[in-house]
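Visitor: Fold the following.
(one chain, ligands or ions: 1)
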Amino acid sequence: MKLLEYADPDMLAIDLANKLAGELAAALMHEDRATLIVPGGSTPGPVFDDLCAADLDWSRVDVLLSDERWVPQDDPASNAGLVRSRLLVDRAAAARFLPFHVEGETPENALTALQDRVEAHLPAAVALLGMGDDMHTASLFPRADNLRLALDPHAPALVEMRAPGLEHTRVSLSARALASSLSLHVVITGPDKRAALERALNLPPQEAPIAAVLDDAVVHWAE
Ligand SMILES: O=C(O)[C@H](O)[C@@H](O)[C@H](O)[C@H](O)COP(=O)(O)O
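Guide: Numbering: from 1, shown residues only. Next comes the predicted model:
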């Protein structure tokens, strides 16, 4: 794991967006298409605001969510809604997006139809993930019902997840799917997440799911 510290969240967002854009552009120099995995939550928005204007061939980029809350895309909790409003604008509007939520479908039925399509987009050229204070990433939560499956090396690409305290059923890329990314970045801010990251370095993924993807990750942190 490599840790990059920034003077403030604005500097982090600008530098990280430039890094992600550079890696996507490099991938597109030798691949027809490149997959970008992005998280939901409140942290990545400023990175998206800078990344969406990057001068690269977005028409050859496939954007995939690291996870989704099982709500309609116009619900404020929807990660697809966040990505559509903050990333898939400006130049990045030309990217192809593969949302997970299907109106009127149960997660179980939707996942059956999605697995092959998601698998076909792996390994991602670039993945950006967040992390919670509880050391979860994507929707791989420490006490989630399907965590054992989600951490299995032979897990499917997508796993349905429920955990105590979660308002919505989630679907998440499995640890295998996330860790297969050719470049993986984690974006966190604040002292609590910095302390959680230090704890995760000494815990197994069953207790600290972020640990399943940290080995080759670049973690970007600002106070
Ligand atoms: O659906 C989500 O919320 C994300 O994919 C999730 O994994 C997020 O990255 C962490 O929960 C951190 O969230 P914040 O950025 O809001 O702290």
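
Visitor: which residues touch Val126?
Guide: Contacts here follow C-beta atoms under 8 Å, 6 or more residues apart in numbering; on that basis Val126 touches 20, 23-24, 27, 34-37, 181-185. All C-beta atoms are positioned from the backbone trio N, CA, C, and that covers glycine.

Visitor: Which residue ranges of the protein form helices?
Guide: Along the chain, the stretches classed as helices by DSSP state H are 9-28, 45-51, 79-86, 107-119, 147-151, 175-179, 191-200.

Visitor: Make CSV out of the contacts of Val126 and add neighbour count.
Guide: Formatted as CSV, the contacts of Val126 follow (neighbours: other C-beta atoms under 10 Å):
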residue, neighbour count
Leu20, 25
Glu23, 18
Leu24, 24
Ala27, 21
Ala34, 25
Thr35, 24
Leu36, 26
Ile37, 27
Ser181, 24
Leu182, 16
Ser183, 19
Leu184, 22
His185, 21
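
Visitor: And the helices of the chain: which comes nearest Glu68?
Guide: Minimum separation from Glu68 across these (C-beta to C-beta) falls at helix 79-86, 5.0 Å.

Visitor: one step back: highest average neighbour count across the helices of the chain?
Guide: The highest mean neighbour count among the helices of the chain, using mean count of other C-beta atoms under 10 Å, belongs to helix 175-179: a mean of 23.

Visitor: hmm, who's touching that one?
Guide: Helix 175-179 is contacted by residues 37, 66, 118-119, 122, 127, 129, 137-138, 140, 150-155, 157-158, 184, 205, 209, 212-213, 215-216 when judged by C-beta under 8 Å, 6+ apart.

Visitor: Alpha carbons only: can I get that helix in CSV?
Guide: The C-alpha coordinates for helix 175-179 follow below in CSV (Å, rounded to 0.1, in the frame of the first residue of the first chain):
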residue,chain,number,x,y,z
ALA,A,175,-13.3,-8.4,-3.3
ARG,A,176,-12.0,-10.5,-6.2
ALA,A,177,-13.6,-8.2,-8.7
LEU,A,178,-12.3,-5.0,-7.0
ALA,A,179,-8.8,-6.4,-6.4
